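Structure, please.
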Amino acid sequence: MEIYVVALSQHRGIKEVTEWMSKLSSVPVSELCHHRFLLFNEDATQHLFEVASGLDSLVLGEGQILSQVKQVVKTGQGVPGFDRKISGLFKHAITAGKRVRTQTSISTGSVSVSSAAVELAMMKLPESSHATARMLVVGAGKMGKLVIKHLAAKGCRRIVVVNRTEEKVDSIKEELKDVEIVYKPLSELLTCAGESDVIFTCTASKTLMFSKDQVQMLTPVGSDVGDTRQFVDISVPRNVGPCVSDLDNVQVYNVDDLKEVVAANKEDRLRKAMEAQSIISEEVKLFEAWKDSLETVPTIKKLRAYAERIRASEVEKCLSKMGDDLPPNKKKAIYDLSLGITNKLLHGPMQHLRCDGTDNRNLNEILENMHALNRIFSLDTEMSVLEQKVRAKVEQNKKGAS
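Now for the predicted structure:
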């Protein structure tokens, strides 16, 4: 589980979140402290961007994680606490993930747990049996559907699918009309397993689908598949009992075993990761600059609001003097002119409030600019809070530069 937090105080933020986790889980704070892993500021940003890009996944470039990041943004909309900073962080992560997938070759090859699972099963089968091995897929959800598709792509022409209902299996049949897909109800699971050489389990069941005793009673497989029945369990939690692998002529693989498939092309993984890292570094810098620019937002907002009040008032006076019969196009011209003048006048002051490290302004200059603007225009911004934030940001930029 990963938790992302925007906190005014790092120490207090860690303390409050840890206590909340303890209260929720009934695990003592002292115990949680032994197992937690903390990342701060830019390191946390870097990690999330790598996760969204599929670099932190067992299978490099896996797209399911990016979908989960998108779901966070969708679910968080309108939720108290999912404010501009945290929302911006996840939106930038999605951008990074998309860039990595469109601008690199990271999404080629085995890029999902399901495709790697099929790849692993094929690696373990004798090559002569690839087209004839009897395949059983338990579960027709998203993962099960992908396993079936990858098996079809590998040349399997008959696949038995055990599922609670037939509707999902019928839907898959419509998509893969060149493959014989046979539906069986859950009540026939053990019978189907006894007639299969390779069994993929990909359900959300919280109870075991196959125990040691059940598997021991299954009809042995033939010599054409090496006299070994394979279970490829990619379910979370696992569907195949851990003791099943103790049986003779039975081999059980789970998600951890997919590392073998991943390691099969280590050089390609490293090359793809390097391509992705350069993009991620760019996106991290863009996000940090955007985040840093928010520190002076209170002053910027009040200055813009002050200028807008003057602009709107003067435009209204001008239009009232010109009469009610003024054509719409001329009204628009006056409005556009006032907006253009206001934006150009504000451009200089806004530039001098930047504290994102992209210019050479020092701390004193930024603070002097903020004080001057607040004093000249009577903006009444909480200067003590802003000073504290700007000082912290400039110090952070100095450390980063050194």
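
When you work out contacts or count neighbours from here on, use the C-alpha atoms and nothing else.
OK.

what ranges do the helices span in the stretch 251-400 of the chain?
Applying DSSP state H, counting those that start in this stretch to the stretch 251-400 of the chain gives helices spanning 259-263, 266-293, 297-321, 328-351, 363-377, 383-401.

Just put these in CSV and tack on distance to residue 158 and mean pLDDT.
Formatted as CSV, the helices of the stretch 251-400 of the chain follow (distance: least, C-alpha to C-alpha, whole Å; pLDDT from 0 to 100):
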stretch, distance to residue 158, mean pLDDT
helix 259-263, 24, 69
helix 266-293, 32, 82
helix 297-321, 62, 87
helix 328-351, 66, 90
helix 363-377, 70, 76
helix 383-401, 58, 59
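
Using a markdown table, please lay out these together with mean neighbour count and distance to residue 126.
Shown next, in a markdown table, are the helices of the stretch 251-400 of the chain (neighbours: other C-alpha atoms under 10 Å; distance: least, C-alpha to C-alpha, whole Å):
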| stretch | mean neighbour count | distance to residue 126 |
| --- | --- | --- |
| helix 259-263 | 15 | 16 |
| helix 266-293 | 16 | 24 |
| helix 297-321 | 15 | 64 |
| helix 328-351 | 13 | 67 |
| helix 363-377 | 15 | 68 |
| helix 383-401 | 14 | 55 |
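
between the ones you listed, which gets nearest to residue 105?
In terms of C-alpha to C-alpha, the element of the helices of the stretch 251-400 of the chain nearest to residue 105 is helix 266-293, at 6.5 Å.

So which elements touch that closest one?
In this structure, helix 266-293 packs against helix 41-53, helix 84-103, with contacts taken as 3 or more C-alpha pairs under 8 Å, 6 or more residues apart in numbering; DSSP states H and E.

so of those, which one's packed in deepest?
helix 41-53 (a mean of 21; mean count of other C-alpha atoms under 10 Å).

then stretch 314-329 to PDB, C-alphas only?
The C-alpha trace of stretch 314-329 is given here as PDB (Å, rounded to 0.1, in the frame of the first residue of the first chain):
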ATOM      1  CA  GLU A 314     -12.800  51.100 -16.200                       C
ATOM      2  CA  VAL A 315     -14.300  49.100 -19.100                       C
ATOM      3  CA  GLU A 316     -17.800  49.500 -17.600                       C
ATOM      4  CA  LYS A 317     -17.300  53.300 -17.300                       C
ATOM      5  CA  CYS A 318     -16.000  53.500 -20.900                       C
ATOM      6  CA  LEU A 319     -18.900  51.500 -22.300                       C
ATOM      7  CA  SER A 320     -21.500  53.600 -20.400                       C
ATOM      8  CA  LYS A 321     -20.000  56.800 -21.900                       C
ATOM      9  CA  MET A 322     -20.200  55.300 -25.400                       C
ATOM     10  CA  GLY A 323     -23.900  54.600 -25.300                       C
ATOM     11  CA  ASP A 324     -26.200  51.600 -25.600                       C
ATOM     12  CA  ASP A 325     -26.000  51.400 -29.400                       C
ATOM     13  CA  LEU A 326     -22.300  50.400 -29.500                       C
ATOM     14  CA  PRO A 327     -22.000  47.300 -31.800                       C
ATOM     15  CA  PRO A 328     -20.900  44.000 -30.100                       C
ATOM     16  CA  ASN A 329     -17.700  43.900 -32.200                       C
END
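
can you give me how far it is from the chain middle?
Centre-to-centre, stretch 314-329 and its host chain are 52 Å apart (C-alpha atoms, centre = their mean, to the nearest Å).

what sits up against that stretch?
Here stretch 314-329 makes contact (C-alpha atoms under 8 Å, 6 or more residues apart in numbering) with 331, 334-335, 338.

Just give me the closest of those to residue 346.
residue 338 (12.4 Å).

what about the closest one, distance to residue 351?
Residue 338 sits 20 Å away from residue 351, going by C-alpha to C-alpha, to the nearest Å.

quick one on the thing from earlier: in a markdown table: the contacts of stretch 314-329, plus distance to residue 89.
Supplementary listing: those in a markdown table, determined by distance: C-alpha to C-alpha, whole Å:
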| residue | distance to residue 89 |
| --- | --- |
| 331 | 40 |
| 334 | 39 |
| 335 | 35 |
| 338 | 35 |
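
quick one: which of these is nearest to residue 9?
Nearest to residue 9 among the contacts of stretch 314-329, counting by C-alpha to C-alpha, is residue 338 at 42.4 Å.

Name all residues that make contact with that closest one.
Residue 338 neighbours (C-alpha under 8 Å, 6+ apart): 311, 315.

repeat that with 7 Å
Residues in contact with residue 338, defined by C-alpha atoms under 7 Å, 6 or more residues apart in numbering, are residue 311.

Mean pLDDT for the helices and strands packed on helix 266-293 - can I get that in JSON lines?
Output for the helices and strands packed on helix 266-293, formatted as JSON lines (pLDDT from 0 to 100):
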{"stretch": "helix 41-53", "mean pLDDT": "93"}
{"stretch": "helix 84-103", "mean pLDDT": "91"}
